[in-house]
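# sharing a sequence plus its predicted fold:
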Amino acid sequence: MTNTGIAMIGSGSATPPVSLDNQRLSQIVETSDEWIASRTGIRDRRVADPQTSLCSLATAASKQAIAMAQIDSSEIDLIILATSTPDDLFGSASQIQAQLDAPQAVAFDLTAACSGFIFGLVTAAQFIRTGVYKTVLLIGGDILSRWVDWSDRRTCVLFGDGAGAVVLQASDCDRLLGFELRSDGSQNGCLNLSFQAQPQPLIDQITVSSGTYQPITMNGKEVYRFAVKKVPEVIEKALFRADLTVDQINWLILHQANQRIMDAVAQRLNIPSENVISNLANYGNTSAASIPIALDEAVRSGKIKPGDVIATSGFGAGLTWGAAIFKWGV
């Protein structure tokens, strides 16, 4: 097998139609638009109703990406769904494969929380570079409203729902210029969506666990410190691998977690605010979906153009973080 380059040739995004702005949220929990916006930069978020599935959002985003890429779904070799909130705990990627009518595609889920899109991008790249697959659909999607404690103002104000997708294809010219991935399980307790077991006796001395997953818990201060320190470092390492300097970046797209984190990272890297893409105010933290949604909006608005160099970084539960440097388009 020979090494092959990678091009990102299409993007798409989808969010639920239901909007929950800060003012309406303040009727649910003790908070205010000023309190939320000043601390996070978030003013609105989209939330899925009971009839909206992750698969429906992911399929809608994928159809947009496939249309932009000007390919047929039958050409897709691999579908990777980066998510922490599947419709089915056994995995939801195969359902998306069926809904897209992509019978040749292998499909699987990948879980890396808010870093999921970056981890998925690097994973997809390995299949293309080794010549195993030619065309990959990468989706980042989450419905975190399912797992939020709506009485906890420390977390419920942060999260929103959505999905974003990109089509990656083998190319003579490699557009994925560099990347770096990291994990630190010693800080796992800072951000959790954990299973709480309840003992269930079966017979004699045999007991198993039943139970369910508990709402999201987070140590906001520790996550903030972690992100502000680690994200600039990992971007710099990815730039080093790409043999590029910060001043050669056209756009910075960070995981849309908190505007203060994005501002601090950009300041440390000396990237002007006008080169930082942010849609956090409209959607909140959509986890694995946040980077591809922001990317898709910037591409469709004409802000990002073919050949632009984009530095992107995801960070979150695990704790995991990573960065990738790529050029948009063929």
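Sure, I can see it.
# which pLDDT value does the model give the spatially most distant residue from the centre of the chain?
Here the centre of the chain is the reference, and by Cα atoms, centre = their mean the most remote residue is Asp204, at 45.9 Å. We have a pLDDT of 88 for Asp204.
# what's the spacing between it and Gly211?
Asp204 sits 22 Å away from Gly211, taking Cβ to Cβ, to the nearest Å as the criterion. C-beta coordinates here come from the backbone N, C-alpha and C atoms, glycine included.
# what does Glu233 give?
If you go by Cβ to Cβ, the gap between Glu233 and Gly211 works out to 38 Å.
# more neighbours, those two?
When Glu233 and Gly211 are compared for neighbours, Glu233 comes out ahead with 15 against 11, by other Cβ atoms under 10 Å.
# so what's the backbone phi/psi at the more buried one?
As for Glu233, its main-chain torsions (degrees, to the nearest 10) stand at phi -60, psi -50.
# please report the distance of it from Leu239.
Note on Glu233: its distance to Leu239, by Cβ to Cβ, is 11 Å.
# go on, Val228?
Note on Val228: its distance to Leu239, by Cβ to Cβ, is 18 Å.
# same question for Val47.
Counting by Cβ to Cβ, the gap from Val47 to Leu239 is 36 Å.
# using PDB, write out every CA atom in whichever helix or strand Gly211 is part of.
For Gly211, the host element (DSSP states H and E) is strand 206-213. Below are the C-alpha coordinates for strand 206-213, written out as PDB (Å, rounded to 0.1, in the frame of the first residue of the first chain):
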ATOM      1  CA  ILE A 206     -24.400 -13.700  42.200                       C
ATOM      2  CA  THR A 207     -25.200 -10.000  42.000                       C
ATOM      3  CA  VAL A 208     -24.900  -7.900  38.800                       C
ATOM      4  CA  SER A 209     -25.300  -4.100  38.200                       C
ATOM      5  CA  SER A 210     -28.300  -2.300  36.700                       C
ATOM      6  CA  GLY A 211     -28.700   1.400  36.500                       C
ATOM      7  CA  THR A 212     -28.300   4.300  34.100                       C
ATOM      8  CA  TYR A 213     -26.000   7.100  33.200                       C
END
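# given that strand, what are its sheet partners and their directions?
Neighbouring strands of strand 206-213 in its sheet, by DSSP bridges, are strand 195-203 (antiparallel).
# run through the helices of the stretch 101-250 of the chain in chain order.
According to DSSP state H, counting those that start in this stretch, the stretch 101-250 of the chain carries its helices in the segments 116-129, 153-156, 220-242.
# quick one: average pLDDT of the helix or strand just after the longest one?
When you say that, I think you mean helix 220-242. Going down the chain from helix 220-242, the next helix or strand is strand 251-254, by DSSP H and E. On average, the pLDDT along strand 251-254 is 98.
# what comes up buried for the helix or strand following strand 251-254?
Note on strand 251-254: by DSSP H and E, the next helix or strand toward the C-terminus is helix 259-269. Judged by neighbour count using 16 or more other Cβ atoms under 10 Å, the buried positions of helix 259-269 are Gln259, Ile261, Met262, Asp263, Ala264, Val265, Ala266, Leu269.
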